[in-house]
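Visitor: Okay, predicted coordinates and the sequence, questions at the end:
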Amino acid sequence: MRQEFIYPGEDGYWVAECPSLPGCISQGKTKEEAISSIREAISGYVKALEEDGLPVPC
C-alpha cells in the first residue's frame, strides 16, 4: 500500500499524488475520480518499472 495525497487543484479538479513514486500524479473531477486515477497510475508506474527491470521504490 502506498501513501496518496489528494488536494483541490487550482482548476477545480482534485489532484492526487504518490510521493514514493516521483512524478506519479493524476487528477479527477471528484475526489473519488482522483483516487481511482492515482491508483491506476500507480499500477501502471510499477508495472513499467518491473518490465524495464528497474527497482520499485518502497
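Guide: Nice, I can see it.
Visitor: which residue packs closest to E33, ignoring adjacent ones?
Guide: Once flanking residues are discounted, E33 sits nearest to W14: 7.1 Å by C-beta to C-beta, 6 or more residues apart in numbering. Every C-beta, even on glycine, is put in place using the N, C-alpha and C of the backbone.
Visitor: So what pairs up with the one you found in the strands?
Guide: Beta bridges link W14 to P8, G28, judged by DSSP bridges.
Visitor: Roughly how far does it sit from C24?
Guide: With the distance defined as C-beta to C-beta, to the nearest Å, W14 ends up 15 Å from C24.
Visitor: And A41, by the same measure?
Guide: According to C-beta to C-beta, A41 stands 5 Å off from C24.
Visitor: Please enumerate the shared neighbours of the two.
Guide: The contact sets of A41 and C24 overlap at C18 (C-beta atoms under 8 Å, 6 or more residues apart in numbering).
Visitor: name the element the residue sitting nearest the centre point of the chain belongs to?
Guide: Central residue of the chain (C-alpha atoms, centre = their mean): I38, 3.3 Å from the mean position. Assigned by DSSP states H and E, I38 belongs to helix 31-51.
Visitor: So which bits of that helix are buried?
Guide: Applying a neighbour-count criterion of 16 or more other C-beta atoms under 10 Å, one finds A34, I35, S37, I38, A41, I42, Y45, V46 buried in helix 31-51.
Visitor: S37 reaches E17, doesn't it?
Guide: No - between S37 and E17 there is no contact under C-beta atoms under 8 Å: 11.1 Å.
Visitor: In which helix or strand does the residue nearest to I6 when sequence neighbours are not counted reside?
Guide: What sits nearest to I6 in space, not counting adjacent residues and going by C-beta to C-beta, 6+ apart, is A16, at 5.1 Å. Element membership of A16, judged by DSSP H and E, is strand 14-17.
Visitor: now S20
Guide: For S20, there is no enclosing helix or strand under DSSP H and E.
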